[in-house]
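K.L.:
I'd like to go over a predicted model; first the sequence, then the structure.
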Amino acid sequence: MNVARSLNNWRKYRQTVTELGRMSNRELNDLGIARGEIRDVARASVGF
């Protein structure tokens with residue numbers, strides 16, 4: 001994987017973690033995500 005793609009994936013990962021982290025527990029629950037799973041969901045979203 002090239003450097004530009006890695007950087008882009010990292011940015012997407014951080015953005016996903018940030019956005020999900022701002023959600024309330026109720027909103028996360030509506031999506032089927034526990035607060036402790038945010039990083040795992042973000043990793044899966046970018047293919048880490």
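P.N.:
Perfect, I can see it now.
K.L.:
give me the contacts around the lengthiest helix in the chain.
P.N.:
Longest helix of the chain, by residue count under DSSP state H: helix 3-22. Around helix 3-22, the neighbours that count as contacts under C-beta atoms under 8 Å, 6 or more residues apart in numbering are Leu28, Ile33, Ile38, Arg39, Val41, Ala42, Arg43, Ser45, Val46, Gly47, Phe48. (Glycine included, C-beta is placed from N, CA and C.)
K.L.:
in the helix or strand just after that helix, what counts as buried?
P.N.:
Past helix 3-22, further along toward the C-terminus, the next helix or strand under DSSP states H and E is helix 25-31. Judged by neighbour count (16 or more other C-beta atoms under 10 Å), helix 25-31 contains these buried residues: Leu28.
K.L.:
try stretch 28-41
P.N.:
Residues Leu28, Ile33, Ile38, Val41 are the ones in stretch 28-41 that count as buried (16+ other C-beta under 10 Å).
K.L.:
of those residues, closest to Asn2?
P.N.:
Lowest distance from Asn2 to the buried residues of stretch 28-41 (C-beta to C-beta) belongs to Val41, with 25.0 Å.
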